[in-house]
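Student: Build me a structure from this.
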Amino acid sequence: MTVARRHRTPAGAAAVAAALALGLVGCDGGQETTPTAHVTAGGVTVTTTLLHRSDGRPELRTTFSPGQRGFHLYSVDLPAHGVDGLGIPTRLAVRGGLTADGRPKADVTTRLLRPAGLPTEIPVYPDGPVTFTLPVRQAGNAQRAEVVVSYGACSENRCLVPVTDEVIRLDLK
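Tutor: Numbering: from 1, shown residues only. I've put the predicted structure just below:
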């Protein structure tokens with residue numbers, strides 16, 4: 001299991017501490033642990049965990065948590081170049097030891113945001129964290145996978161530096 005290899009903000013260190021406190025990572029006397037990893041970039045901490053549903057099939061649960069209040073992420077359904085060039089679509093993909101077996105689904109619904117003075121409406125998630133589930137298939141005895149994310153976090157007044165194709169390495173064993 002891997003915890004992010006770098007921490008760019010104090011929020012990243014806080015996320016690691018929280019994961020350790022919850023027993024998600026680290027040594028626990030031989031009990032099975034859940035593969036979890038995270039990274040903080042662009043003002044957002046992204047935590048990803050490989051879980052097994054009650055039917056035994058694996059799914060990836062990935063939470064995007066803006067580090068500042070009042071910031072939202074853009075919809076996964078946003079076109080690649082946004083709406084009229086505005087917005088950065090949230091993207092979640094896997095490679096290596098995992099293959100996507102469906103599309104990511106968010107735990108919250110989008111709302112339409114109309115930037116001040118513009119006629120354009122952009123689908124965004126509510127301010128705060130958004131968790132996606134992605135059904136996956138695990139490749140045989142694969143030891144590692146990569147979760148690749150892209151996103152942008154904005155408030156009503158400003159946007160943080162967007163993140164494109166950030167790789168989160170996830171140890172599967």
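Student: Which residue ranges of this protein form helices?
Tutor: Along the chain, the segments classed as helices by DSSP state H run 10-22.
Student: Report the beta-bridge partners for T36.
Tutor: Beta-bridge partners recorded for T36 (DSSP bridges): T49.
Student: you'd agree it is up against V46?
Tutor: No. At 11.4 Å, T36 does not count as touching V46 under the criterion of C-beta atoms under 8 Å. Bear in mind the C-beta positions are built from the backbone N, C-alpha and C, glycine included.
Student: what bits of the chain have low per-residue confidence?
Tutor: For the chain, the stretches with pLDDT under 70 are 1-33.
Student: and if we set it to 90?
Tutor: Applying pLDDT under 90 to the chain flags the ranges 1-35, 52-57, 80-87, 113-121, 138-143, 156-158, 172-173.
Student: Could you pull up phi and psi at the residue lying farthest from the centre of it?
Tutor: Residue distances from the centre of the chain (C-alpha atoms, centre = their mean) peak at G117, which lies 30.7 Å from the mean C-alpha position. Note on G117: backbone dihedrals following degrees, to the nearest 10 are phi 80, psi 10.
Student: where do the strands sit along this structure?
Tutor: Secondary structure of the chain (DSSP state E): strands located at 36-41, 44-52, 58-66, 72-73, 91-96, 98-100, 105-106, 111-113, 122-124, 130-138, 144-151, 153-154, 163-171.
Student: Lovely, talk soon.
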